[in-house]
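*Asks:* Structure, please.
(one chain, ligands or ions: 1)
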Amino acid sequence: MKIAVRYFSRGGNTKKLADAIADAVGVTAETTDVPLTEDVDILFLGSSVYAFGVDDHVKDFIEGIDVTIGKVVGFSTAALVNSTYQQVDKLLEAKGIPHAKEEFYCKGSFGIMHKGRPNAEDLAHAATFAKEVAEF
Ligand SMILES: Cc1cc2nc3c(=O)[nH]c(=O)nc-3n(C[C@H](O)[C@H](O)[C@H](O)COP(=O)(O)O)c2cc1C
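*Replies:* Reported below is the predicted structural model:
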């Protein structure tokens, strides 16, 4: 099974999840600045929320996808909202790319909120999630 991990992270919170997920499934996490160059069965795609929206890097990455993807599995951190699922879903739908119902989300530190998140427990949960999705 071919698996890729891409993420965008301004402050490093979502990068922590990306690295935990990638490590769990035996690949290297790359930022959304690195386009996919071959078809994949699963793309784990990490994003976050900044002033109620996902970053343009994520939008541009999805718009630029020109390979075949079996399914995108989202993961995200945010301080207030519960995941970026709906926003990413709209972008994927516009491209006709399947978006898995399952996702991984946890709180991400923001100022005095959620200090230390994602923490070790979050990262362990993210790794377990990734292995289950990839059927490892
Ligand atoms: C400029 C800025 C705006 C943010 N706006 C929101 C927001 O609208 N809703 C929310 O839930 N979290 C918001 N957050 C919190 C981030 O989503 C949270 O800190 C997240 O974990 C950041 O991920 P990153 O470290 O991977 O960039 C904001 C953070 C920043 C820095």
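
*Asks:* The residue of the chain found nearest the ligand: how many residues sit nearby?
*Replies:* Proximity of the chain to the ligand (Cβ to the nearest ligand atom) peaks at G108, 1.8 Å away. From N, CA and C alone the C-beta is placed, and that goes for glycine too. As a burial measure, G108 scores 23 neighbours (other Cβ atoms under 10 Å).

*Asks:* Grab the most central residue of the chain for me.
*Replies:* Geometric centre of the chain, nearest residue: G46, 1.7 Å, by Cα atoms, centre = their mean.

*Asks:* Check the gap between the residue of the chain closest to the ligand and L123 for me.
*Replies:* Using Cβ to Cβ, to the nearest Å, G108 is found at 12 Å from L123.

*Asks:* thinking again about what came up before, which residue, other than its chain neighbours, is closest to the residue of the chain closest to the ligand?
*Replies:* T77 (3.0 Å; Cβ to Cβ, 6 or more residues apart in numbering).

*Asks:* tell me which element that neighbour is part of?
*Replies:* Per DSSP states H and E: T77 is located in strand 69-78.

*Asks:* got a list of contacts for the next helix or strand after that strand?
*Replies:* Counting by DSSP H and E, the next helix or strand C-terminal to strand 69-78 is helix 85-95. With Cβ atoms under 8 Å, 6 or more residues apart in numbering as the test, helix 85-95 has contacts from 45, 47, 49, 53-54, 58-59, 62-63, 65, 72, 74, 76, 98-99, 103, 105.

*Asks:* Now intersect those with the helices, please.
*Replies:* Residues of the contacts of helix 85-95 located in helices (DSSP state H): 58-59, 62-63.

*Asks:* May I have the residues that are in contact with A18?
*Replies:* Per Cβ under 8 Å, 6+ apart, neighbours of A18: 5-7, 9, 29, 44, 46, 75.

*Asks:* actually V49, not the one I wrote
*Replies:* 76, 78-81, 84, 87.

*Asks:* wait, does the lengthiest helix in the chain contact the ligand?
*Replies:* If you go by DSSP H, the chain has its longest helix at helix 120-134. No - using Cβ under 6 Å from any ligand atom, helix 120-134 stays clear of the ligand, with a minimum separation of 10.7 Å.
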